[in-house]
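K.L.:
let me see the structure of the following:
(one chain, ligands or ions: 2)
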Amino acid sequence: MTDDVPVLTIDGPSGSGKGTISRAVAHRLGWHYLDSGALYRAVGVAAAWADLDLDDPGALVRCAFDTEIDFRETPDGDLRVLVNGHDATDELRTETAGAAASAIAAIPAVRTALRDRQRAFRRLPGLVADGRDMGTVIFPDAAWKVFLTASAEERAERRYNQLKNKGVSVTLAGLLREILARDARDASRAVAPLRPAPEAVCIDTTGLGIDEVVDSVLALLPGRGV
Ligand SMILES: Nc1ncnc2c1ncn2[C@@H]1O[C@H](COP(=O)(O)OP(=O)(O)OP(=O)(O)O)[C@@H](O)[C@H]1O
Ligand SMILES: Nc1ccn([C@H]2C[C@H](O)[C@@H](COP(=O)(O)O)O2)c(=O)n1
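P.N.:
Ligands and ions are numbered 1, 2, ... in the order given. Now for the predicted structure:
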């Protein structure tokens, strides 16, 4: 019975630190980790490879059902994502892939196509799941629910520093525009919009360091963190 497997959900907007915090918390707990955004990004990338039209919901839904997505951990703890057998990890992290994912994620049947794949990550000893609707739709019975936020300006700055470190040339103003557009699309869609579950603990990470946020999340699970 997977219902017996404890789940911690961490939802929030782009750049709020969900991925960073979820990976660190999962590592500290020794639990599995689900990056649900990577599934939507993988479908977006597979659709681009197949030259599908983002305005053709039927083709995108078929793509969501048919795309093979595998997560592999390297010996040094790096998580790689294989899309239809190709390592697409770096392509998935681009702003283009994020925007495509956000667009296809608004199609209800795409969300249905990915629902069971997400729930299959629920395995002992536990799961930390990051996304937009982990606490509201995918794991509504999760024992712990967190909603991370940060000001749009700080999120844009974090993304700017992240991309600059990777040698990607972007502007802060452009990133801020993209973040605001993605927030608006993710929060306004009809199905599973970005919003905290009523019982979620909301943490505003503006001005907080990564370790402080990790400690605040682990403090919600007394006796479980190390
Ligand atoms: N509390 C924090 N303080 C400073 N930087 C942070 C903090 N949390 C995350 N970061 C940095 O911000 C960047 C974005 O974080 P991350 O990718 O975890 O966000 P995300 O919410 O998962 O974004 P997305 O939804 O777009 O995948 C990373 O470079 C990360 O190291
Ligand atoms: N549970 C989820 C996860 C992701 N999405 C969509 C919306 C996001 O803008 C896009 C990329 O996600 P990210 O990798 O930035 O977390 O995918 C969603 O709708 N539901």
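K.L.:
what about the strands in the chain?
P.N.:
7-11, 32-35, 69-73, 79-83, 86-87, 127-131, 144-149, 201-204 (DSSP state E).
K.L.:
please work out how many residues are found near the one residue in the chain that gets nearest to ligand 2.
P.N.:
Taking CB to the nearest ligand atom, ligand 2 has its nearest neighbour within the chain at Gly37, 2.2 Å off. All C-beta atoms are positioned from the backbone trio N, CA, C, and that covers glycine. Applying other CB atoms under 10 Å, we find 20 residues neighbouring Gly37.
K.L.:
pull the contacting residues for it.
P.N.:
When contacts are counted by CB atoms under 8 Å, 6 or more residues apart in numbering, Gly37 touches 18-19, 98, 101, 130-132.
K.L.:
at 10 Å what do you get?
P.N.:
By CB atoms under 10 Å, 6 or more residues apart in numbering, the contact set of Gly37 is 14, 18-19, 92, 97-98, 101-102, 105, 130-132.
K.L.:
for the chain, which residues score under the pLDDT cut-off?
P.N.:
By pLDDT under 70, the low-scoring segments of the chain are 1, 225-226.
K.L.:
what parts of this protein come near ligand 2?
P.N.:
Contact residues, the chain versus ligand 2 (CB under 6 Å from any ligand atom): 14, 36-37, 40-41, 98, 101-102, 105, 131-133, 182, 186.
K.L.:
swap the cut-off to 5 Å and go again
P.N.:
14, 36-37, 40, 101-102, 105, 131-133, 182, 186 (CB under 5 Å from any ligand atom).
K.L.:
and these, which of them are in helices?
P.N.:
Residues of the residues of the chain next to ligand 2 located in helices (DSSP state H): 36-37, 40, 101-102, 182, 186.
K.L.:
roughly how far does Ala106 sit from ligand 1?
P.N.:
With the distance defined as CB to the nearest ligand atom, to the nearest Å, Ala106 ends up 16 Å from ligand 1.
K.L.:
contact partners for the closest residue to that residue other than its chain neighbours?
P.N.:
Nearest residue to Ala106, sequence neighbours excluded (CB to CB, 6 or more residues apart in numbering): Arg189, at 4.2 Å. The contact partners of Arg189, taken as CB under 10 Å, 6+ apart, are 102-103, 105-108, 111, 132.
K.L.:
put together a markdown table for those residues, with neighbour count and distance to Ala173 on each row.
P.N.:
Below are the contacts of Arg189 laid out as a markdown table (neighbours: other CB atoms under 10 Å; distance: CB to CB, whole Å):
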| residue | neighbour count | distance to Ala173 |
| --- | --- | --- |
| Ser102 | 24 | 20 |
| Ala103 | 19 | 22 |
| Ala105 | 28 | 25 |
| Ala106 | 17 | 25 |
| Ile107 | 19 | 30 |
| Pro108 | 14 | 33 |
| Arg111 | 21 | 32 |
| Arg132 | 25 | 25 |
